[in-house]
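A.B. asks: From the sequence below, what's the structure:
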Amino acid sequence: MRIFLLTPVLAMLASACSGNLSADSTDSTGRPASLSPDQPWPPAESPYPAAAAGSSKCELSYEPVIPTKVYPCDPTPGPACGATQQDCLGGPCVDGACAPCVLAYGPMTAGSEILLDSANAYFRSNGIKKVPLNGGAAVQLAAEDYYVVALRDGFVYAVATDMQGAHELWRVPVEGGGMALVASLPDRSGDWVFDGNIMYLHVQSETGPLNQLWSVNLQSGTLTFLASGYMNIGLMAAGSGQVWGWNAQVPGTSFFITPESGGAPTSLRSPVDGSLARGVLFGGQVYFTVSSGYTPSNFQDYSRGGIWRMWPDGSHAAEIVGCQPGAFWLKVDDAAMYWDVHKHLMKLTPGGEPVAVYDSNKYVYGLAMDERAVYWTDENALMKLAR
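C.D. replies: Coordinates of the predicted model:
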């Protein structure tokens, strides 16, 4: 199996890797008018600095992929690993470093979340299942093969959606039991983000107005219409009273900020034209992946993929890591960020360089992390690596 590997070549294009978006208006104190009162302003300095002046222009080359060897996770505590005496959390210690291990085998579904609590990982694999974080037998919670999307108050929430079928939000207790309908959704759900117990849906209507934004209260099932006619592709993040989305037009990718309570969105010009993917609200900034850019001829250019961050009003944006073709999933905290690029799982620590912590001949299908480990799925396994 062979994939593209890309060699960064610095080009003196400073404006392409950092800069300002078209920000919205401000109030008398200089605070952006689009931001809610509980949004920190200005945002804290990021532990992940912008890339050096100049963006990474990639040259394609063919190289074979040597998959990282993986082992079954062992629930029996093993010896401390390496010079740092790290606990591998059920994974093996290989050449003085913790190596990935497999928590569960089975067909996985692209785009379905991995959900974590203190004891288990919850995932979709021919139904909704859970498996102990340190290894053990997987338990099926429900036979319904729905997208798992959230874990709240002892329930796993899942969305049933396809091009022709029902569009519904369901939940099942984490200890098992029957599935219960939470809400019938207005139409096919294209994307979703969460802020506490509120789920925000990008609805791709097939019978009515396209591209609507709705919210669902997970506890009561109450549906609320928020806005329509924008966010042509998807949602990125929600929090502090705002929902961030993006709209890919070629050229002219835009961000949208919408109050969580509803109302007209604020449109912001993006610093990069391309296909944006996932976003994370962290430290008062929105971090996001760019899967590919667009050429002047409107063709996708995967060499322009990367990891970016922006201020919540869109007034500042910066590329953190360039030359990341096909980047999609992203998780960020103070210690590290993880993302996928083609068939690799990447890691960046503050002040460090990006490194591949897992190589495969299969694509990453889902990504999650807690303070101790990072978890991901490919086509046929749920895996874990101690952090």
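
A.B. asks: can I assume residue 317 is in contact with residue 290?
C.D. replies: No - the criterion here is CB atoms under 8 Å, and residue 317 misses it with residue 290 at 10.9 Å. (Glycine included, C-beta is placed from N, CA and C.)

A.B. asks: residue contacts, residue 385?
C.D. replies: 91, 98-101, 345, 357-358, 373-374 (CB atoms under 8 Å, 6 or more residues apart in numbering).

A.B. asks: for it, helix, strand, or coil?
C.D. replies: Following DSSP: H, G, I helix; E, B strand; the rest coil, the label given to residue 385 is strand.

A.B. asks: can you pull up the bridge partners for it?
C.D. replies: residue 374 (DSSP bridges).

A.B. asks: Give me the local confidence score for it.
C.D. replies: If you check residue 385, the pLDDT there is 96.

A.B. asks: returning to that earlier point: cross the contacts of residue 385 against helices and list the overlap.
C.D. replies: Judged by DSSP state H, helices contain none of these.

A.B. asks: Which of those residues sits closest to residue 239?
C.D. replies: Proximity of the contacts of residue 385 to residue 239 (CB to CB) peaks at residue 374, which lies at 21.8 Å.

A.B. asks: Settle it for me: which of residue 317 and residue 290 has more neighbours?
C.D. replies: Higher neighbour count among residue 317 and residue 290: residue 290, with 28 against 24, using other CB atoms under 10 Å.

A.B. asks: I'd guessed the more buried one sits against residue 308; true?
C.D. replies: Yes - between residue 290 and residue 308 a contact is recorded at 6.1 Å, counting by CB under 8 Å.

A.B. asks: between those two, what contacts are shared?
C.D. replies: In contact with both residue 290 and residue 308: residue 272, using CB under 8 Å, 6+ apart.

A.B. asks: can you pull the contacts of residue 311?
C.D. replies: Counting by CB under 8 Å, 6+ apart, residue 311 has contacts 42-43, 284-286, 317.

A.B. asks: my bad, should have said residue 182
C.D. replies: 157, 168-171, 216, 218, 221.

A.B. asks: Quick one, which of the residues you listed are buried?
C.D. replies: When neighbours are counted using 16 or more other CB atoms under 10 Å, these contain these buried positions: 157, 168-171, 216, 218.

A.B. asks: Return the member of these nearest to residue 274.
C.D. replies: Closest approach between the buried ones among the contacts of residue 182 and residue 274, by CB to CB: residue 216, at 29.6 Å.

A.B. asks: separation between that closest one and residue 149?
C.D. replies: Per CB to CB, to the nearest Å, residue 216 is found 10 Å from residue 149.

A.B. asks: swap in residue 385?
C.D. replies: Taking CB to CB, one finds residue 385 at 24 Å from residue 149.

A.B. asks: Kindly report the same for residue 172.
C.D. replies: 12 Å.

A.B. asks: okay, and the common contacts of these two?
C.D. replies: What both residue 172 and residue 149 touch, as defined by CB under 8 Å, 6+ apart, is the set residue 158.

A.B. asks: Quick check: which ranges of the stretch 201-350 of the chain have low pLDDT?
C.D. replies: Where the stretch 201-350 of the chain drops to pLDDT under 70, the residues are 205-210, 229-233, 248-252, 273, 293-303.

A.B. asks: quick one: buried residues of stretch 186-202?
C.D. replies: 186-195, 198-202.

A.B. asks: Next, format the contacts of residue 311 as JSON lines and append secondary structure and distance to residue 256.
C.D. replies: Shown next, in JSON lines, are the contacts of residue 311 (DSSP: H, G, I helix; E, B strand; the rest coil; distance: CB to CB, whole Å):
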{"residue": "42", "secondary structure": "coil", "distance to residue 256": "21"}
{"residue": "43", "secondary structure": "coil", "distance to residue 256": "19"}
{"residue": "284", "secondary structure": "coil", "distance to residue 256": "19"}
{"residue": "285", "secondary structure": "strand", "distance to residue 256": "17"}
{"residue": "286", "secondary structure": "strand", "distance to residue 256": "12"}
{"residue": "317", "secondary structure": "strand", "distance to residue 256": "15"}
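
A.B. asks: out of the residues you listed, who's nearest residue 378?
C.D. replies: Using CB to CB, the contacts of residue 311 come closest to residue 378 at residue 286, 27.2 Å.

A.B. asks: Please name the residues that touch the closest one.
C.D. replies: Residues in contact with residue 286 (CB under 8 Å, 6+ apart) are 236-237, 244, 279-280, 309-312.

A.B. asks: What of residue 227?
C.D. replies: Contacts for residue 227 were tallied using CB under 8 Å, 6+ apart; they are 212-213, 258, 262-265.
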